[in-house]
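Q: Structure, please.
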Amino acid sequence: MGVPDTSDIRGTGGYGDKRKGSRPLVGAAVAATILYVASTVMLGTPPGAADSGAQVAAWFREHRDSVRWAVWALTVIAPLLALVFALLRRLLPVPHRDVFLIGSIAFLVTTAVQAWTWGGLALHADQLEPATARTLLDVAVFWGPVLTGATVTMMAPVTLLALRGHAGLPKWLGAVGAVAITEQAIETVTIFGSTGFTEPGGAMNLQLGAGLVAAWLLAFAVWGGVRGQSVIA
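A: Model (predicted):
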């Protein structure tokens, strides 16, 4: 009996001629993106790291309903993103798929922690003491700086494969990933920020960084849903 020819599998990073694409992947990614944008819009302009406790408490009293709707949107996103991450993981070889999955889980967990902190602040907003409001919000705003570790863990294996032309991933996805990872690495300076663009929970975290990561993830999901092919286990 001859040895099976596996050259095609090795040349494509472990891919066979199985079903390509996934409508659920595209649908879940688009729905999650819409909910994320809705959550951001509902939250509006949140208090900054330099605002006083009194300003934070007053903001939550005025925006508590919007905050709870934003938390609802983030809650509904969780199962959608779980589906996206599970389907994208199938496009990657070992060990890259496992590193991607670890980063993805960390992304979901830290987002949940941030959401329930905001929700807790909004629950009894009319009773918030300034010092308590400021302290709890300080915990919540560090979601942005710390999340960079999870996003880099999630994006790095995919970006490395794509830039090297492995696993059938397009090089343009690697280029987008390289830009996003570079920004995320620089964004770690927000851990030490206090005011302005680089403050924790500020524009660098919630606008620039979040926008780049969301664009990369949506691009990966749409490509995976249209052209992606599962790796042979």
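
Q: quick one: low-confidence parts of the protein?
A: 1-21, 228-233 (pLDDT under 70).

Q: count of residues packed around Tyr36?
A: 20 (other Cβ atoms under 10 Å). For the C-beta atoms, the positions are set from N, CA and C on the backbone; glycine is no exception.

Q: CA atoms only for the helix or strand hosting it, dumped as CSV, please.
A: Assigned by DSSP states H and E, Tyr36 belongs to helix 23-43. Provided in CSV are the C-alpha atoms of helix 23-43 (Å, rounded to 0.1, in the frame of the first residue of the first chain):
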residue,chain,number,x,y,z
ARG,A,23,-23.3,32.4,6.4
PRO,A,24,-23.8,32.1,10.2
LEU,A,25,-20.3,33.6,10.7
VAL,A,26,-21.0,36.6,8.5
GLY,A,27,-24.4,37.1,10.1
ALA,A,28,-23.2,36.9,13.7
ALA,A,29,-20.2,39.2,13.0
VAL,A,30,-22.4,41.8,11.3
ALA,A,31,-25.0,41.6,14.1
ALA,A,32,-22.3,41.9,16.8
THR,A,33,-20.9,45.0,15.1
ILE,A,34,-24.3,46.6,14.9
LEU,A,35,-24.9,46.0,18.6
TYR,A,36,-21.5,47.3,19.5
VAL,A,37,-22.1,50.5,17.6
ALA,A,38,-25.5,50.8,19.2
SER,A,39,-23.9,50.3,22.6
THR,A,40,-21.4,53.0,22.0
VAL,A,41,-24.0,55.5,20.7
MET,A,42,-26.3,54.8,23.7
LEU,A,43,-23.4,55.4,26.1
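
Q: How far does it sit from its chain's centre?
A: Put simply, helix 23-43 sits 12 Å off its chain's centre (Cα atoms, centre = their mean, to the nearest Å).
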